[in-house]
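Visitor: Could you look at this predicted model? Sequence included:
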Amino acid sequence: MDAWPIEVIPDPDSLFYRVPTGWLRPSDPRVAPGHFRVNKDSMSCDWEKYSTAAETRSRQGAPERFAVIRMIAGPIREIEGLSVVHSPFQGVNGQVDNRAHSSIFGLDNPPGVGAVHGRKERVRSELYSRFNKWEIEPSAPIE
Amino acid sequence: MPQSRLAKLLESSSRERLFSRTSYEVKDRSLGFRQRDVERSGIEYVRVFPAAKPSSPFDLEWRALEDEINSAKYIIEVEGDPGLDGYVPYTRETLARATDFLRRLMIHAHTANVIGTGIPRIGPAEDGSIDLFWEKGDRTLLVNFPAGENTGNYYGKKPKSEISGKFDPSESRPELVFWLAD
């Protein structure tokens, strides 16, 4: 099986980011800066070229336990220090192959640079200011 | 509750004194009952009722703050996402660091007659940390309290002005709300 190539994600393209409903306040399930989080060294999301928002919601099973935010590659790249990279994976132990998988790097301080206090809060505030609406609401029916 | 606030509440209340020989009570809607012995042969009842006048903007803002703090208690029940590595639980200690800091900010603001800075949303963030997030028109302030660390980090933005840094949450940082209100 040929490995999926790593492609360049154009600025106008969308990325779908999954948020567990368990993070949300039951009485006020709005998007919040605290939803933009790093897993290992990046934020994981799915490129619209290979995934719909509903597929992103269902990717780990139990779609009713997730909501989805749509993010746009260009405005993410406008935030100082952030980059968007296509990072498909297949044949990785314990993980379902995902050609849409993409990564947003740069939320944490770059290696070798001393701590810049408030930097991560700045990045999360900037992400929130651009992407603060649900693409799939937490209470949306399962497709 | 700060002493000045208590004094203000009592001052603005109508009072009724009922004498008996058993106990001494002060009743206030916010504070509940207080009971004290009186040094004399008998014991005196005093009841203080809240004045029947509209709450001040300070009282309304303080009440909204306490409502938000109560609503945020769900955070310590938030569980990890099975898809994420290295889950760090949300603790009462981290939440208390955030809410204690918030109350101190509000007291400083009210003491300086600053009102209307808005009530932040209190929410869970990465690695067991907790956010306070003010969003008021074209200005935002995000303050994060990491789990297990006696520090806080913040970033604020409004037209032509940005602030960021690190602080000790046990200290008061009134300049943050003043920046927000300015």
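Guide: Received, thanks. Residues are numbered from 1 along each chain as shown, chains lettered A, B, ... in the order given.
Visitor: nearest spatial neighbour of whichever residue of chain A sits closest to chain B, skipping sequence neighbours?
Guide: Closest residue of chain A to chain B, Cβ to the nearest Cβ: A:G118 (2.9 Å). Heads up, the C-betas are built off the backbone N, CA and C, glycines and all. Using Cβ to Cβ, 6 or more residues apart in numbering or on different chains and skipping residues adjacent in sequence, the residue nearest A:G118 is B:S164, 2.9 Å away.
Visitor: which SS class is the one you found?
Guide: Of the three states, B:S164 takes strand according to DSSP: H, G, I helix; E, B strand; the rest coil.
Visitor: thinking the residue of chain A closest to chain B is in contact with B:K166, fair?
Guide: Yes: counting by Cβ atoms under 8 Å, A:G118 does reach B:K166; the two are 7.0 Å apart.
Visitor: Could you name every residue contacting both of the two?
Guide: Counting by Cβ atoms under 8 Å, 6 or more residues apart in numbering or on different chains, the common neighbours of A:G118 and B:K166 are B:N153, B:Y154.
Visitor: quick one: which of those two has more around it?
Guide: A:G118 (23 against 12; other Cβ atoms under 10 Å in any protein chain shown).
Visitor: Based on its surroundings, how many neighbours for A:S125?
Guide: Around A:S125 there are 24 other residues, counting by other Cβ under 10 Å.
Visitor: What distance do you get for it to A:R37?
Guide: In this view, A:S125 and A:R37 are 14 Å apart by Cβ to Cβ, to the nearest Å.
Visitor: Now the helix or strand containing A:E126: buried residues?
Guide: Taking DSSP states H and E as the criterion, A:E126 maps to helix A:119-130. Along helix A:119-130, these residues count as buried under the neighbour rule (16 or more other Cβ atoms under 10 Å in any protein chain shown): A:R119, A:K120, A:E121, A:R122, A:V123, A:R124, A:S125, A:E126, A:L127, A:Y128.
Visitor: Please apply the same query to stretch B:87-104.
Guide: B:Y90, B:T94, B:L95, B:R97, B:A98, B:T99, B:F101, B:L102, B:R104.
Visitor: per-residue confidence averaged over that stretch?
Guide: Stretch B:87-104 shows a mean pLDDT of 94.
Visitor: what does that stretch rub up against?
Guide: B:65, B:69, B:72-73, B:75-76, B:78-81, B:120, B:122, B:124, B:127-132, B:143, B:145-148, B:150, B:152, B:169, B:172-173.
Visitor: Now with 6 Å, please.
Guide: B:69, B:75-76, B:78, B:80, B:124, B:127-128, B:130, B:132, B:145, B:147, B:169, B:172 (Cβ atoms under 6 Å, 6 or more residues apart in numbering or on different chains).
Visitor: Which of these fall within strands?
Guide: Those of the contacts of stretch B:87-104 mapping onto strands are B:P124, B:I130, B:L132, B:F145, per DSSP state E.
Visitor: follow-up on the earlier one: verify the contact between the residue nearest to A:G118 and A:K120 for me.
Guide: No: using Cβ atoms under 6 Å, B:S164 is not in contact with A:K120; the gap is 10.0 Å.
Visitor: biggest separation within the buried residues of helix A:119-130, which pair?
Guide: Greatest spatial distance in the buried residues of helix A:119-130: A:R119 and A:Y128, 15.0 Å, computed using Cβ to Cβ.
Visitor: related to what we said a few turns ago, could you dump the buried residues of helix A:119-130 to CSV with distance to A:N109 and pLDDT?
Guide: Below are these laid out as CSV (distance: Cβ to Cβ, whole Å; pLDDT from 0 to 100):
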residue, distance to A:N109, pLDDT
A:R119, 6, 93
A:K120, 8, 94
A:E121, 12, 96
A:R122, 11, 96
A:V123, 10, 97
A:R124, 13, 97
A:S125, 16, 97
A:E126, 15, 97
A:L127, 16, 98
A:Y128, 19, 98
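Visitor: circling back: now render the contacts of stretch B:87-104 as a markdown table, adding neighbour count and pLDDT.
Guide: Compiled in a markdown table, the contacts of stretch B:87-104 are given as follows (neighbours: other Cβ atoms under 10 Å in any protein chain shown; pLDDT from 0 to 100):
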| residue | neighbour count | pLDDT |
| --- | --- | --- |
| B:I69 | 17 | 97 |
| B:I75 | 23 | 95 |
| B:I76 | 15 | 93 |
| B:V78 | 17 | 89 |
| B:G80 | 16 | 70 |
| B:P124 | 25 | 96 |
| B:D127 | 15 | 91 |
| B:G128 | 20 | 94 |
| B:I130 | 26 | 97 |
| B:L132 | 24 | 97 |
| B:F145 | 26 | 96 |
| B:A147 | 17 | 94 |
| B:P169 | 21 | 88 |
| B:S172 | 15 | 80 |
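Visitor: That concludes my questions; thank you for your assistance.
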